[in-house]
Every structure is written in C-alpha cells, then in structure tokens.
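K.L.:
Sharing a sequence plus its predicted fold:
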Amino acid sequence: QKEVEQDPGPLSVPEGAIVSLNCTYSNSAFQYFMWYRQYSRKGPELLMYTYSSGNKEDGRFTAQVDKSSKYISLFIRDSQPSDSATYLCAMRDYGGSQGNLIFGKGTKLSVKP
Amino acid sequence: ETGVTQTPRHLVMGMTNKKSLKCEQHLGHNAMYWYKQSAKKPLELMFVYNFKEQTENNSVPSRFSPECPNSSHLFLHLHTLQPEDSALYLCASSQDGVDYGYTFGSGTRLTVV
C-alpha cells in the first residue's frame, strides 16, 4: 500500500460548483497536512496547512483532516476557472526536520466557465 | 528577486552531454531540496541540504550530482543521463523549525534525447 493515495482525476466541474479533493494515507504518525496548488508550467505553491485533526478555512478553501480515518480533504466553494490546476496533498510525521514530506500524485482540476 | 528561482526553464540534452541546473532562493531559508516530478507519479525527493550539508540522498543514481556552495544556491549536475530521466526538476527551500511546508521554484523541464 502506498503511503499517500490521491485520485489523479482529471476532474472537470462547472464554474460555481463545490469541489471536493481527497487523499488517504497509511502512516498514523503523520501530523502535518498540506495542500499545494500547481498551475501548468509552474512549481507547486502552498495553499493550505493543517496540524493534526480538524478544519481550517481560508476564503473559499476549507481543509479537513480526519486522523481516525486517515483521510484529508480540500473543499473549494464557488469554484472559478482560475482554480483550474493540479492539487497535491502532502504530509509529514513531525515538524522541524527536512526531507520527510510525502506527496500524493496530484488531482488535475478543470473549472469550466 | 524574491522566492525561489530556477534556471534554465527548459533543457534538452543528449545522453552524452554534461549540464547543470541552478537554483537560488532569496528567502533566507536554511534548507534546500531537489525533487523530480514525472507524469502520473508523486513528487520524488532526490536530495536535501541543511545549512549546506547534504542530509539526505534518496538512492539517486550517480549521474545526478548535487552541489550546495552556500545556503542560497543549489546546483544539480547532470551527466550521461537516460531518456527516462526526462522530467520536471523542482527546487524547493524551507526554514528549519517552521512547519508550513516548502517554497518551490518553477522547475526545469528536462528532455533527454
């Protein structure tokens, strides 16, 4: 079983839809959870960051972590064409150390006007 | 300039060539990374440098040789590559003790012919 599973899509939705992106993981030691957004021909940029379980909201974006189910989600409300990108989940088991950030494959999202 | 800058943006090289990728970060971070991004695969960590010292080499073939002369600059020297090495090579930086992830450059799209 891979450490982090993420459906690569592609996912196509109409403008204004609510988008749900998800990752599952197997390592119960993961505590730090992130979502990156990667536009075509660009590097990933950090979108949301969550420590341990719970929800975090930032504008139209909500990140959820359910450690009991080893499942994280990113919700995008009122999706816009500018949200079209690949979304990568990433996680690590402890902070302050480099090199142990594990990524999913990424989900390619297309928001149609 | 701000952020993480990578050059060149695109590189085509033959299997017998020697070339180098360059990364520079202007964020005052102390850790730098090389990642490989291939289609339909998760980001693969290649090398980690912390305060100019290599702290991780993720079983990368010797045809990839990193160099970190100072905490702001990182190089990836390439020689006798294979066509399967064609990918997007991403540089990232972070600050030890700060848990909210990495800052990525835009990458170098490498094609080996």
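P.N.:
Looks like it arrived, so ask away.
K.L.:
Please identify which helix or strand holds the residue positioned nearest the centre of chain B.
P.N.:
Central residue check for chain B by C-alpha atoms, centre = their mean: the C-alpha nearest the mean position is that of B:Trp34, 3.0 Å away. When secondary structure is defined by DSSP states H and E, B:Trp34 falls within strand B:31-37.
K.L.:
Could you export the next helix-or-strand element following that strand as PDB, CA atoms only?
P.N.:
The element immediately downstream of strand B:31-37 (helix or strand, assigned by DSSP H and E) is strand B:44-50. What follows is strand B:44-50 as a C-alpha-only set of coordinates in PDB (Å, rounded to 0.1, in the frame of the first residue of the first chain):
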ATOM      1  CA  GLU B  44      10.200  12.200  -5.700                       C
ATOM      2  CA  LEU B  45      12.700  13.600  -3.200                       C
ATOM      3  CA  MET B  46      16.200  13.500  -4.600                       C
ATOM      4  CA  PHE B  47      18.500  15.400  -2.300                       C
ATOM      5  CA  VAL B  48      18.200  17.500   0.900                       C
ATOM      6  CA  TYR B  49      20.700  20.100   2.100                       C
ATOM      7  CA  ASN B  50      20.500  21.700   5.500                       C
END
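K.L.:
got the residue ranges for the strands in the chain?
P.N.:
Picked chain A for this. When assigned using DSSP state E, the strands of chain A occupy the ranges A:4-5, A:11-14, A:19-25, A:32-38, A:45-51, A:54-58, A:61-66, A:71-76, A:85-92, A:102-103, A:107-112.
K.L.:
was after chain B, sorry
P.N.:
Going by DSSP E, chain B shows strands at B:4-7, B:10-13, B:18-25, B:31-37, B:44-50, B:53-57, B:64-70, B:73-79, B:87-94, B:103-104, B:108-112.
K.L.:
mean pLDDT for the ones you listed: which is lowest?
P.N.:
Confidence, taken as mean pLDDT, is least for strand B:53-57 of the strands of chain B (a mean of 71).
K.L.:
just how off-centre is that strand within its chain?
P.N.:
The offset between the C-alpha centroid of strand B:53-57 and the centroid of the whole chain comes to 13 Å, using C-alpha atoms, centre = their mean, to the nearest Å.
K.L.:
circling back to that earlier point, any idea which of the strands of chain B gets closest to A:Gly54?
P.N.:
Closest of the strands of chain B to A:Gly54 is strand B:87-94, at 23.2 Å (criterion: C-beta to C-beta). Yep, even glycine has a C-beta here, placed from its N, CA and C like the rest.
K.L.:
Check what pLDDT A:Pro8 gets.
P.N.:
The per-residue pLDDT reported for A:Pro8 equals 82.
K.L.:
What distance do you get for the spatially closest residue to it that is not a sequence neighbour to B:Val4?
P.N.:
The shortest distance from A:Pro8 to any residue other than its chain neighbours is 5.1 Å, reached at A:Lys105 (C-beta to C-beta, 6 or more residues apart in numbering or on different chains). A:Lys105 is 22 Å from B:Val4, where distance means C-beta to C-beta, to the nearest Å.
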